[in-house]
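Trainee: attaching a predicted model along with its sequence, questions to come.
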Amino acid sequence: MAKIRLMHAKLHRVRVTEANVNYVGSITIDQELMDKVGILPLEEVDVINLNNGKRWSTYALPGEAGRKGICPNGGAALLCQPGDILIIIAYEERDRAEVFEEGHRAKVLVADENNCCQGFFAQTLIPDGDGLQFRSDSVMSESNFRLI
């Protein structure tokens, strides 16, 4: 069975609140933000800095819920500074045939300038005969966007 990696969670336009070069690796993310899109503690994530184009992979650590903190740690702290805008993406490995049979749904949280949830999107692959349809839903309210 062929395996593929698909995005399953994305934090879009979150802002760095601090950068801690003295911590051993990772990126600390507000636990509420992680929960809303389904990023697990220790899960591998890609981080893209929209201010300078830097991109790196690391793992997510839960930060204090409700503080809206985003803190790259270790060497990644040298790739950004407070106020920079990041995209944080988590992937999952899926069986390709299973995706064609069952589809796939990724959850996207769009943050405002204070790392509060401005909106949710679902990006979905829907089985369609021998192919897949891609659909990007309009903004959904938080009450309509629960983890499956």
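Mentor: Thanks, I have it. Numbers count the residues shown, from 1 in each chain.
Trainee: mind listing the strands the helix or strand harbouring residue 13 pairs with, and their directions?
Mentor: Applying DSSP states H and E as the criterion places residue 13 in strand 3-15. Sheet pairing of strand 3-15 (DSSP bridges) gives strand 85-95 (antiparallel), strand 104-111 (parallel).
Trainee: run through who's touching it.
Mentor: Under the criterion CB atoms under 8 Å, 6 or more residues apart in numbering, residues 29, 33, 37-39, 50, 70, 82-96, 99, 104-111, 113-115, 123, 125 lie in contact with strand 3-15. (Glycine included, C-beta is placed from N, CA and C.)
Trainee: of those, keep whichever come out buried.
Mentor: 29, 33, 37, 39, 70, 84-91, 94, 104, 106-109, 111, 115, 123, 125 (16 or more other CB atoms under 10 Å).
Trainee: farthest residue from the center of the protein?
Mentor: Relative to the centre of the chain, the most outlying C-alpha is that of residue 129, 29.8 Å out, by CA atoms, centre = their mean.
Trainee: pLDDT score for that residue?
Mentor: pLDDT for residue 129: 92.
Trainee: quick one: it and residue 101, what's the gap?
Mentor: For residue 129, the distance to residue 101 (CB to CB, to the nearest Å) stands at 12 Å.
Trainee: sec struct for residue 28, please.
Mentor: Recorded secondary structure, residue 28: strand (DSSP: H, G, I helix; E, B strand; the rest coil).
Trainee: run through the bridge partners of it.
Mentor: Per DSSP bridges, the residues bridged to residue 28 are residue 61, residue 71.
Trainee: that one contacts residue 59, correct?
Mentor: No - in this structure, residue 28 is not within contact of residue 59 by CB atoms under 8 Å, at 10.5 Å.
Trainee: okay, those two: which has more neighbours?
Mentor: Taking neighbours as other CB atoms under 10 Å, residue 28 and residue 59 compare with residue 28 leading, 21 against 15.
Trainee: contact partners for that one?
Mentor: 20, 61-63, 69-71, 73.
Trainee: save those residues as JSON lines, and put in pLDDT and distance to residue 43 too.
Mentor: Shown next, in JSON lines, are the contacts of residue 28 (pLDDT from 0 to 100; distance: CB to CB, whole Å):
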{"residue": "20", "pLDDT": "96", "distance to residue 43": "19"}
{"residue": "61", "pLDDT": "97", "distance to residue 43": "10"}
{"residue": "62", "pLDDT": "97", "distance to residue 43": "10"}
{"residue": "63", "pLDDT": "96", "distance to residue 43": "14"}
{"residue": "69", "pLDDT": "98", "distance to residue 43": "17"}
{"residue": "70", "pLDDT": "98", "distance to residue 43": "15"}
{"residue": "71", "pLDDT": "98", "distance to residue 43": "16"}
{"residue": "73", "pLDDT": "97", "distance to residue 43": "15"}
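Trainee: having no further points to raise, I will conclude here.
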